[in-house]
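> Need a 3D model of the sequence below.
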Amino acid sequence: MKDRLLSVDVLRGLTIFFMILVNTPGSWSYVYAPLRHAEWHGCTPTDLVFPLFLFISGVSMALSFNKYGSSSKKLLLRKIWKRALIIFLIGLFLNWFPFYNKNIADLRIMGVLQRIALAYAIGGSLIVLLKEQKVLIASGIILLGYQIALVAYSSDPFSLENNLARHLDLLIIGENHLYGGFGIPFDPEGILHSFSAGINVVLGYLMGRMIFQYNKKELVKNLSISGMGLIIAGVVWGFFFPINKPLWTSSYVLYSVGIGTVLWAVLVYVIDVLKKERWSYIFKVFGRNPLASYVLSILVVKVFFMVKIGEANLYSYLYQNLFASWLGNLNGSLVFAISYVMFIWVFAWILYRKNILIKI
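Below is the predicted model:
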């Protein structure tokens, strides 16, 4: 079991590495195409990072639940919702920080951590309350029901302006509390599509259960077959309901889980079967304290923006003077992002060496 867990740690750490990388370019004006999100429909490598984290959260849940054995549903639900609440509140805290320059009346309620919290709570609750076969049925109902609801609501159901998810968030959360990066109030981590995101967790859990059903080589085979099947299903479904991360469409769920499953199969084969793991040390370190590393990366960036050097802030000053000045804007932006990831990695490494696990 210890060997099998290593590939999970590496995949978790790999996800955090790229979550930080794509969030912190030296300049958003200079980012290589694979490190950008698709403008609306479609899926770039960057669009796979977030769902991959939810997928590996489901895998980790399978390992965690196995340790609890026959614990009561009430106990497991309490643990799930407590953890979800803490993660949600941390996300809200990060949205508000540094407090003095943000009016709570205009505070964005949702965000990446809030989406993780809701998806974890929704997916975990389905897993605890239902038997495995019924979990699959419920997941199918949620994915299909979400698409039917989108189509039934509007004549242009997958547009930015007229989708059901946006209108529901406007009604429940309010315009002032939504993300504005799309030019109009629309939150890509909103309420309704947190339910479809929860299925990423559920499918990750079901893939994780295979650890206890197969030996390592069989695990690679079954993960590969399952992953390819999900990728094909996602692409085919995408002809009818487009692959779209901001709306977290059902085709996007299947497609992203499929790629995550195949990637995990590759890591199981390389790390757990072939025992080639030295290359993975950087990711293994991040994998021990993933959420703590991600939260720290956001806090530090916000502090960098608070520190003024002349008319610039510390973030842009470092990018312009240490990276863009000798590497050019595009390469400088990329190297800045990599350097920042490794800066956060040092703190994760200190925790790793001291065997400190920050559990939420």
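> Please name every helix or strand in contact with the host helix or strand of Lys74.
Assigned by DSSP states H and E, Lys74 belongs to helix 73-96. On a contact count with 3 or more C-beta pairs under 8 Å, 6 or more residues apart in numbering; DSSP states H and E, helix 73-96 meets helix 49-68, helix 112-129, helix 290-306. Just so you know, the C-beta spots here come from the backbone N, C-alpha and C atoms, and that holds for glycine as well.
> Report the buried residues of that helix.
Buried residues in helix 73-96, defined by neighbour count with 16 or more other C-beta atoms under 10 Å: 76, 79-80, 83-84, 87-88, 90-92, 94-95.
> got a markdown table for those residues, with distance to Phe158 and pLDDT too?
Converted to a markdown table, the buried residues of helix 73-96 look like this (distance: C-beta to C-beta, whole Å; pLDDT from 0 to 100):
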| residue | distance to Phe158 | pLDDT |
| --- | --- | --- |
| Leu76 | 36 | 90 |
| Lys79 | 36 | 92 |
| Ile80 | 31 | 94 |
| Arg83 | 33 | 95 |
| Ala84 | 28 | 96 |
| Ile87 | 29 | 96 |
| Phe88 | 27 | 97 |
| Ile90 | 32 | 96 |
| Gly91 | 26 | 95 |
| Leu92 | 29 | 95 |
| Leu94 | 30 | 93 |
| Asn95 | 27 | 93 |
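> With distance to Glu175 as extra columns, can I get these in CSV?
Below are the buried residues of helix 73-96 laid out as CSV (distance: C-beta to C-beta, whole Å):
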residue, distance to Glu175
Leu76, 37
Lys79, 35
Ile80, 31
Arg83, 30
Ala84, 26
Ile87, 25
Phe88, 21
Ile90, 24
Gly91, 20
Leu92, 18
Leu94, 21
Asn95, 16
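> Tell me the one of these nearest Gly227?
Nearest to Gly227 among the buried residues of helix 73-96 is Ile80, at 25.7 Å by C-beta to C-beta.
> export the one helix or strand in the chain whose mean pLDDT sits lowest as PDB, just CAs?
Lowest mean confidence among the helices and strands of the chain (mean pLDDT, DSSP states H and E): helix 2-23, at a mean of 87. In PDB, the C-alpha atoms belonging to helix 2-23 read as follows (Å, rounded to 0.1, in the frame of the first residue of the first chain):
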ATOM      1  CA  LYS A   2       2.800   2.400   0.700                       C
ATOM      2  CA  ASP A   3       4.200   2.000  -2.800                       C
ATOM      3  CA  ARG A   4       0.800   2.600  -4.300                       C
ATOM      4  CA  LEU A   5       0.400   5.800  -2.300                       C
ATOM      5  CA  LEU A   6       3.500   7.300  -3.800                       C
ATOM      6  CA  SER A   7       2.000   7.900  -7.200                       C
ATOM      7  CA  VAL A   8      -1.000   9.600  -5.600                       C
ATOM      8  CA  ASP A   9       1.400  12.000  -3.700                       C
ATOM      9  CA  VAL A  10       3.200  12.700  -7.000                       C
ATOM     10  CA  LEU A  11       0.000  13.400  -8.900                       C
ATOM     11  CA  ARG A  12      -1.300  15.600  -6.200                       C
ATOM     12  CA  GLY A  13       2.000  17.500  -6.100                       C
ATOM     13  CA  LEU A  14       2.100  17.800  -9.900                       C
ATOM     14  CA  THR A  15      -1.300  19.300  -9.800                       C
ATOM     15  CA  ILE A  16      -0.300  21.900  -7.200                       C
ATOM     16  CA  PHE A  17       2.900  22.700  -9.100                       C
ATOM     17  CA  PHE A  18       0.900  23.600 -12.200                       C
ATOM     18  CA  MET A  19      -1.900  25.400 -10.300                       C
ATOM     19  CA  ILE A  20       0.600  27.800  -8.900                       C
ATOM     20  CA  LEU A  21       2.500  28.000 -12.200                       C
ATOM     21  CA  VAL A  22      -0.500  29.100 -14.300                       C
ATOM     22  CA  ASN A  23      -1.700  31.500 -11.600                       C
END
